[in-house]
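Q: Have a look; sequence and predicted model below, questions after that.
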Amino acid sequence: MSDYLIKATAFNSQVRAYAIESTGLVNEACERQDTWPTASAALGRTITITAMMGSMLKGDNKLTVKLEGDGPIGAIVADGNAKGEVRGYVKKPHVDFESNEHGKLDVRRAVGTNGSLSVVKDLGMKNNFTGQVPIVSGEVSEDFTYYFVTSEQVPSAVGAGVLVDTDYSILAAGGFIIQMMPGATEETISLVEQRIGQIPAISTQIQEGKTPEDILGTFFEGAEWHIIERQDVLFQCFCSKERTEEVIATLGSEEIEDMIEKDGGAEATCHFCNQVYTLTAEDLERLKK
């Protein structure tokens, strides 16, 4: 079954919720990046949450997320859109550590605890929406929780998990976002907070065969809730040779001529999917003109 997410409401629309299974999406991103386990967990959590944030958009709207801490993996960048298409990369993919004190991959150590999380939304308007908050955890989920509360003023709980196999493939990945809507009662808020504290690890639930529906069912057991949309999600890069040529053309004729004379061509690699595009001297001459 392909990866997918669901959107739902609960408690008479006092709560908005998202849940996702992203195992295939994360596995493809990590394979393309050749990530080691701890880097896989950090990248996987980020693109899982980005996929859910993309589903909050409409039409051709899209967003870019950048998590940049002072840890050894450097920046993590992810793009998502309203169609369920996601891509992402980590600056230094070959990072791994021994498990932390909880027996889990030490994502905090890889990401770092000083830095920023920024979200840029292209909503088809003259200016993009940009929100930025400091990193508060380095565990990724907590940092996105802080972003929603601080930058978008939406009380939220965000969770994402990734299980990595011994061969570095992804065993399971998934996540959730639970948001309190204006007018939510104290009783509802208290109950949801209690459930959040009790829910088993998301990646473990996915590995056990639980679906996004099962995950939200755990949150809202005994309450009335409704699924309002189901959406497939997948890794999708938008690079192409044509886009590569457009970028090189902006460099100007002198720099392009320098490429022809020194290298006899040019080669560019996409950060997101690692696809290599080769331009011959003839290609460059055409761009120069």
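A: Received the coordinates, thanks.

Q: how does this protein divide up, domain by domain?
A: As assigned by automatic domain parsing, the chain contains the domains 4-235, 241-288.

Q: weakest of these in terms of mean pLDDT?
A: Among the domains of the chain, domain 241-288 has the lowest mean pLDDT, at a mean of 88.

Q: What segments of the stretch 101-250 of the chain are helices?
A: 107-111, 141-151, 186-198, 202-207, 212-219, 241-249 (DSSP state H, counting those that start in this stretch).

Q: picking that back up, which of the domains of the chain is buried the deepest?
A: domain 4-235 (a mean of 19; mean count of other Cβ atoms under 10 Å). Heads up, the C-betas are built off the backbone N, CA and C, glycines and all.

Q: Name all residues that make contact with the nearest residue in space to Thr113 that is not next to it in sequence.
A: Among residues not flanking Thr113 along the chain, Gly138 sits closest, at 4.6 Å (Cβ to Cβ, 6 or more residues apart in numbering). Counting by Cβ atoms under 8 Å, 6 or more residues apart in numbering, Gly138 makes contact with 69, 71, 107-113.

Q: I'd guessed Cys133 sits against Phe148; true?
A: To be clear, residue 133 is Val; Cys isn't right here. No - Val133 lies out of contact with Phe148 (Cβ atoms under 8 Å); the separation is 9.4 Å.

Q: Okay, the closest residue to Gly175 other than its chain neighbours and Thr269: tell me how far apart.
A: Excluding the flanking residues, the one nearest Gly175 by Cβ to Cβ, 6+ apart is Ala160, at 3.4 Å. Counting by Cβ to Cβ, to the nearest Å, the separation of Ala160 from Thr269 is 28 Å.

Q: With Gln207 instead?
A: 33 Å.

Q: before we move on, what about Gly88?
A: Taking Cβ to Cβ, one finds Gly88 at 16 Å from Thr269.

Q: can you pull the contacts of Leu57?
A: 63, 81-82, 121, 123.

Q: My guess is Glu285 contacts Met259. True?
A: No - using Cβ under 8 Å as the test, Glu285 is too far from Met259 to be in contact (10.4 Å).

Q: Which residues does the residue nearest to Gly54 when sequence neighbours are not counted form beta bridges with?
A: Closest residue to Gly54 apart from its sequence neighbours, by Cβ to Cβ, 6+ apart: Gly80 at 3.0 Å. Counting by DSSP bridges, Gly80 is bridged to Leu63, Val86.

Q: does Gly80 really touch Met53, like I thought?
A: Yes - using Cβ under 8 Å, Gly80 makes contact with Met53 at a distance of 6.1 Å.

Q: overlap in contacts of those two?
A: Counting by Cβ under 8 Å, 6+ apart, the residues touching both Gly80 and Met53 are 63, 65.

Q: Counting by contacts, list what the top strand by length along the chain packs against.
A: Assignment by DSSP state E gives strand 170-180 as the longest strand of the chain. The elements that strand 170-180 packs onto, with contact taken as 3 or more Cβ pairs under 8 Å, 6 or more residues apart in numbering; DSSP states H and E, are strand 15-21, helix 23-33, helix 37-54, helix 141-151, strand 156-164, helix 186-198, helix 202-207, helix 212-219.

Q: and the angle from it to helix 212-219?
A: 50 degrees (axes from the mean of the first three to the mean of the last three Cα atoms, to 10 degrees).

Q: Next, report how far strand 170-180 is displaced from the centre of its chain.
A: Its chain's C-alpha centre and that of strand 170-180 lie 11 Å apart, by Cα atoms, centre = their mean, to the nearest Å.

Q: Need phi/psi at Thr269.
A: phi -120, psi 130 (degrees, to the nearest 10).

Q: which residue packs closest to it, ignoring adjacent ones?
A: In space, Thr269 is closest to Val276, 5.1 Å off (Cβ to Cβ, 6+ apart).

Q: what sits against that neighbour?
A: 267-270.
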